[in-house]
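[1] What follows is a predicted protein model with its sequence.
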Amino acid sequence: MTDSTNTASNTDYDVIIVGAGFGGLTALHRMRELGFSVRLFEAGTDVGGTWYWNQYPGLKVDVESVEYSLSFSYVIEQEWTWSERYAGPQELCRYSNFVADRLDLRRDIELDKRIDIAEFDESTGTWVVSTEGC
């Protein structure tokens, strides 16, 4: 995949991930473990996914917070302590930031960046992806 940003620089990645929620952060970590060059693009100004975008009074998870723990990392599980039995979006965003920082994911994340175009180039068998700042 090629990232054709509006800055005219082109970079090839094996994998491009859209969104810095729990799924995106997990995918980024796993793709790195497998040895892929990877880049994650997030339209928001921070990680957190749904919990970044939805912050209204009274919002809470519907299962115990510990169920949101990313179990692929023993270190993350041991170092994070949930402050509420049913976390709200602020705590889930803090957790997302903790995960991104503790696993050094930020170096492969571009915040405030939206995928503008993704086209498959049949002649090269690759995707050409264009991004724009938000």
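    Received, thanks. Numbers count the residues shown, from 1 in each chain.

[2] quick one: the strands in this structure?
    Taking DSSP state E as the criterion, the chain carries its strands at 2-5, 10-12, 15-18, 38-41, 109-110, 113-121, 126-133.

[3] tell me the angle of the longest one relative to strand 126-133?
    To tie it back to what came earlier, the one meant is strand 113-121. Counting by axes from the mean of the first three to the mean of the last three Cα atoms, to 10 degrees, strand 113-121 lies at 160 degrees to strand 126-133.

[4] Show residues contacting strand 113-121.
    5, 16, 18, 41-43, 126-134 (Cβ atoms under 8 Å, 6 or more residues apart in numbering). Quick note: C-beta positions are derived from backbone N, CA and C, even for glycine.

[5] mind redoing it with 6 Å?
    Val18, Phe41, Ala43, Trp127, Val128, Val129, Ser130, Thr131, Glu132, Cys134 (Cβ atoms under 6 Å, 6 or more residues apart in numbering).

[6] What is the burial count for the third one?
    It refers to Ala43. With neighbours defined by other Cβ atoms under 10 Å, the count for Ala43 comes to 18.
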